[in-house]
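S.K.: Generate coordinates for the sequence data below:
(2 chains)
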2 protein chains.
Amino acid sequence: MIDRLIERIQELQAPVVAGLDPNLQFVPDSLKEKAYKEYGETLEGAAEAVWEFNKAIIDSIADIVPAVKPQIAMYEQFGIPGMVVFDRTVRYCKEKGLSVIGDIKRGDIGSTSEAYARGHIGKVQVGNSTLRAFDEDFITVNPYMGTDCVEPFLKVAKEDGKGLFVLIKTSNPSSGEFQDRLIDGRPLFEHVAEKVNKWGEGLNGKYGYGPVGAVVGATYPQQAAAIRKLIPNAYILVPGYGAQGATAKDILPNFNSDGLGAIVNSSRGIIAAYRNKAYSSYGPDHFAEAARASALDMIADIRSALKDRS
Amino acid sequence: MIDRLIERIQELQAPVVAGLDPNLQFVPDSLKEKAYKEYGETLEGAAEAVWEFNKAIIDSIADIVPAVKPQIAMYEQFGIPGMVVFDRTVRYCKEKGLSVIGDIKRGDIGSTSEAYARGHIGKVQVGNSTLRAFDEDFITVNPYMGTDCVEPFLKVAKEDGKGLFVLIKTSNPSSGEFQDRLIDGRPLFEHVAEKVNKWGEGLNGKYGYGPVGAVVGATYPQQAAAIRKLIPNAYILVPGYGAQGATAKDILPNFNSDGLGAIVNSSRGIIAAYRNKAYSSYGPDHFAEAARASALDMIADIRSALKDRS
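M.R.: Numbers count the residues shown, from 1 in each chain, chains lettered A, B, ... in the order given. Okay, here's the model as predicted:
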């Protein structure tokens, strides 16, 4: 799966993920009104508005970005109807040829991690049937509980050639509270990075990258440089570009010298572009075109930064 | 909510949570066959089997335990039908007067944590409607990302008098890999414990405990003693009793001298009791009675250990 993602990144010259985090306030009023008219101001109504919003954006960007990252919390908040739309979004993106990174940040004791893994990137056995539930291509994983909680995810990922991105250094302001604390003279996140490297050992695909990737926030470029050295064969998912404040220059340390090794996420910056001054001329009715314009600008920005570096 | 839980613990003299983690292999064949006959060997069939299993167990133990802890992964693995049964299980338990701890171990950047919180212990706004999605009483939270990821959970919990249990020291074998590493001479989990204490400051209810609780594995009694001192006002959810190897003596350090402050979880030990030698005479058809017998034994075991201590 990582090989396929890399090929598509190279084909499009776009190491970019569009984060499908459809907070209701990003959804234009006209879509919400239409959905509420049909389903009422209910969880179903909210989910329907989110679905129509997602679909338009996916249709608008599927030929220019290699991957999307639906943030499951934004769906889970609407209960069952929200989860139905998460599922529908994942399927629709895959039909459109997009790689899907489920941003689920799960992690638990062994048997529980395995259940999450089977539900999201693997198969469950029901009697004699082997079935798939949510079926993303990649998921994000929280490492706080240690190796025996990450291994079941890796076991399941390997069965189907899927992949993980393990949180190392997150993009939020207080990520340093625990992640930056020094253990034997080195920050916790470096110890996590070493484990990520170990978990992925011997599993590299044809481009030199394996199924165990990492999450490193674009908002911490210095830390990224240190992490990059520790995990040469891990693909890095980089959130924090744009709305969270990081620039194209900030994300450079996450790339290897081969120009590969990182994929940069923007959520609000793409899906809610029509609300930004720079794209406000599109207006709420043309939110999907605004998303495309913003994604194209982001791709150009990153291409240019990568070119200037080399 | 913590006050209500404490009152029920005292009423029943049972600081015990039944973990509703219905791995399909725990569900007796007769229930599975019935469900598959109606729904096929499908996700719906699996979910239906789980629902019938849960319902029988809940009916059998609702008058002897104060709380249940559904592990969402065991439902999420069956996709939408699984989530429907998670939701139904939560509602049914609440109808029966049980406190419900959603074992979801979520945690993300601020706006995302808030979405999880609203979806599980709060309300979402859809147009002019204020709605509830999954509606547990408590949830478990992963602290790896720091304060700004935990605060939104607390904000939402306070709105409705609900509560959190933040992972401090987990019960799994490799929990020490990161959690035990020394930072300024003290293990990471103690630093997390200090934050838990801080997050809960000034929020104590009438029994001296607040909405920010902690998860401390029964499998690490020594660490529990240190943690107990650092978080005098936090209720501790203690997994690991029974199937994971911890005894009633091991869980004692989690209790305060008032006999309160901890609630001990058993999952497999209760719900799959009929598969244990000690309760095998019940047979698979009487799994719910076996669960009750095992829960009663666990309650007696913990009561006796608490009594011996005082």
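S.K.: Give the full set of residues in contact with the residue positioned nearest the centre of chain A.
M.R.: The structure's chain A has its C-alpha centroid closest to residue A:69; by C-alpha atoms, centre = their mean the separation is 3.6 Å. Taking C-beta atoms under 8 Å, 6 or more residues apart in numbering or on different chains, we find residue A:69 in contact with A:17, A:18, A:19, A:20, A:100, A:101, A:102, A:103, A:237, A:265, A:267. (Glycine included, C-beta is placed from N, CA and C.)
S.K.: And it, its phi and psi?
M.R.: phi -130, psi 90 (degrees, to the nearest 10).
S.K.: Quick check: beta-bridge partners of the nearest residue to it once chain neighbours are set aside?
M.R.: Nearest non-adjacent residue to residue A:69, counting by C-beta to C-beta, 6 or more residues apart in numbering or on different chains: residue A:101, 4.3 Å away. On the basis of DSSP bridges, residue A:101 is bridged to residue A:138.
S.K.: Residue A:237 is in contact with residue A:101, correct?
M.R.: Yes. Assessed by C-beta atoms under 8 Å, residue A:101 is found in contact with residue A:237 at 6.7 Å.
S.K.: Residues in contact with both of these two, list them for me.
M.R.: Any residue near both residue A:101 and residue A:237 by C-beta under 8 Å, 6+ apart counts here, and that gives A:17, A:69, A:140, A:165.
S.K.: quick one: which two of the residues you listed are the most distant?
M.R.: Pairwise distances among those were taken by C-beta to C-beta; the largest, 11.4 Å, belongs to A:17 and A:140.
S.K.: so what sits against both of those two?
M.R.: A:101, A:237.
S.K.: ok, the two, which is more surrounded?
M.R.: The neighbour count for residue A:17 versus residue A:140, taken as other C-beta atoms under 10 Å in any protein chain shown, is higher for residue A:17 (29 against 26).
S.K.: now the more buried one, what's its secondary structure?
M.R.: Using DSSP: H, G, I helix; E, B strand; the rest coil, the structure places residue A:17 in strand.
S.K.: can you redo the shared contacts of residue A:101 and residue A:237 as CSV with distance to residue A:198?
M.R.: As requested, the shared contacts of residue A:101 and residue A:237 are exported to CSV (distance: C-beta to C-beta, whole Å):
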residue, distance to residue A:198
A:17, 25
A:69, 25
A:140, 19
A:165, 16
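S.K.: still on that earlier bit, mind listing the residues bridging to the residue nearest to the centre of chain A?
M.R.: Counting by DSSP bridges, residue A:69 forms beta bridges with residue A:19.
S.K.: low pLDDT regions in chain A?
M.R.: Counting by pLDDT under 70, the ranges of chain A that qualify are A:310.
S.K.: residue boundaries of the helices in it?
M.R.: Here chain A has its helices, by DSSP state H, at A:2-12, A:29-39, A:43-61, A:73-76, A:79-95, A:110-121, A:147-159, A:176-179, A:188-199, A:221-230, A:248-251, A:268-271, A:287-309.
S.K.: tell me, how many neighbours does the residue nearest to residue A:194 when sequence neighbours are not counted end up with?
M.R.: Excluding its sequence neighbours, the residue lying closest to residue A:194 (C-beta to C-beta, 6+ apart) is residue A:230, at 5.9 Å. Applying other C-beta under 10 Å, we find 19 residues neighbouring residue A:230.
S.K.: correct me, but residue A:230 touches residue A:191?
M.R.: No. Contact criterion C-beta under 8 Å: residue A:230 and residue A:191 do not qualify, at 9.5 Å.
S.K.: Stretch A:105-120 and chain B in contact?
M.R.: Yes. Judged by C-beta under 8 Å from any C-beta of the partner chain, stretch A:105-120 comes into contact with chain B at A:105-113, A:115-116, A:118-120.
S.K.: again with stretch A:176-186
M.R.: Yes. Stretch A:176-186 comes into contact with chain B (C-beta under 8 Å from any C-beta), by way of A:176, A:177, A:178, A:179, A:181, A:182, A:183, A:184.
S.K.: Distance across that stretch, terminal residue to terminal residue?
M.R.: Taking C-alpha to C-alpha, to the nearest Å, stretch A:176-186 runs 13 Å from one end to the other.
S.K.: Tell me the buried residues in that stretch?
M.R.: A:176, A:177, A:178, A:179, A:180, A:181, A:183 (16 or more other C-beta atoms under 10 Å in any protein chain shown).
S.K.: Restrict stretch A:201-215 to CA atoms and write it as PDB.
M.R.: C-alpha atoms of stretch A:201-215 as PDB (Å, rounded to 0.1, in the frame of the first residue of the first chain):
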ATOM      1  CA  GLU A 201      12.600  -3.400  10.300                       C
ATOM      2  CA  GLY A 202      13.000  -5.700   7.300                       C
ATOM      3  CA  LEU A 203       9.600  -4.700   5.900                       C
ATOM      4  CA  ASN A 204      10.700  -2.200   3.200                       C
ATOM      5  CA  GLY A 205       8.900  -2.200  -0.100                       C
ATOM      6  CA  LYS A 206      10.400  -1.400  -3.500                       C
ATOM      7  CA  TYR A 207      11.000   2.200  -2.800                       C
ATOM      8  CA  GLY A 208      12.700   1.600   0.500                       C
ATOM      9  CA  TYR A 209       9.800   2.400   2.700                       C
ATOM     10  CA  GLY A 210       7.800   0.100   4.900                       C
ATOM     11  CA  PRO A 211       4.300  -0.200   6.400                       C
ATOM     12  CA  VAL A 212       5.200   1.500   9.700                       C
ATOM     13  CA  GLY A 213       5.100   5.300   9.100                       C
ATOM     14  CA  ALA A 214       5.100   8.100  11.600                       C
ATOM     15  CA  VAL A 215       3.200  11.300  12.400                       C
END
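S.K.: give the contact list for residue A:174.
M.R.: Residue A:174 makes contact with B:145, B:146, B:147, B:148, B:149, according to C-beta under 8 Å, 6+ apart.
S.K.: Including distance to residue A:154 and neighbour count, could those residues go into CSV?
M.R.: Output for the contacts of residue A:174, formatted as CSV (distance: C-beta to C-beta, whole Å; neighbours: other C-beta atoms under 10 Å in any protein chain shown):
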residue, distance to residue A:154, neighbour count
B:145, 22, 27
B:146, 26, 22
B:147, 30, 18
B:148, 29, 15
B:149, 24, 28
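S.K.: Return only those of those found close to chain A.
M.R.: B:145, B:146, B:147, B:148, B:149.
S.K.: State the distance from the closest residue to the fourth one other than its chain neighbours to residue B:290.
M.R.: Leaving out its chain neighbours, the residue that sits closest to residue B:148 by C-beta to C-beta, 6+ apart is residue A:174, at 4.2 Å. With distances taken as C-beta to C-beta, to the nearest Å, residue A:174 is found 46 Å from residue B:290.
S.K.: Kindly indicate which of the residues of stretch A:176-186 next to chain B lies nearest residue B:271.
M.R.: residue A:178 (33.6 Å).
S.K.: what's the spacing between the closest one and residue A:209?
M.R.: Distance, residue A:178 to residue A:209, using C-beta to C-beta: 28 Å.
S.K.: what does residue A:145 give?
M.R.: Applying C-beta to C-beta to residue A:145 and residue A:209 gives a distance of 25 Å.
S.K.: thinking again about what came up before, who's in contact with the residue nearest to residue A:194?
M.R.: Residue A:230 touches A:190, A:193, A:194, A:196, A:197, counting by C-beta under 8 Å, 6+ apart.
S.K.: how many other residues sit next to the closest residue to residue A:60 other than its chain neighbours?
M.R.: Leaving aside its sequence neighbours, residue A:60 sits nearest to residue A:288 (C-beta to C-beta, 6+ apart; 3.9 Å). Neighbours of residue A:288 under the rule other C-beta under 10 Å: 22.
S.K.: OK, contacts around residue A:288?
M.R.: A:56, A:57, A:59, A:60.
S.K.: How about the second one: what's its closest non-neighbour residue?
M.R.: Put plainly, it is residue A:57. residue A:291 (4.9 Å).
S.K.: Which members of the contacts of residue A:174 are the farthest-apart pair?
M.R.: B:145 and B:147 (8.8 Å).
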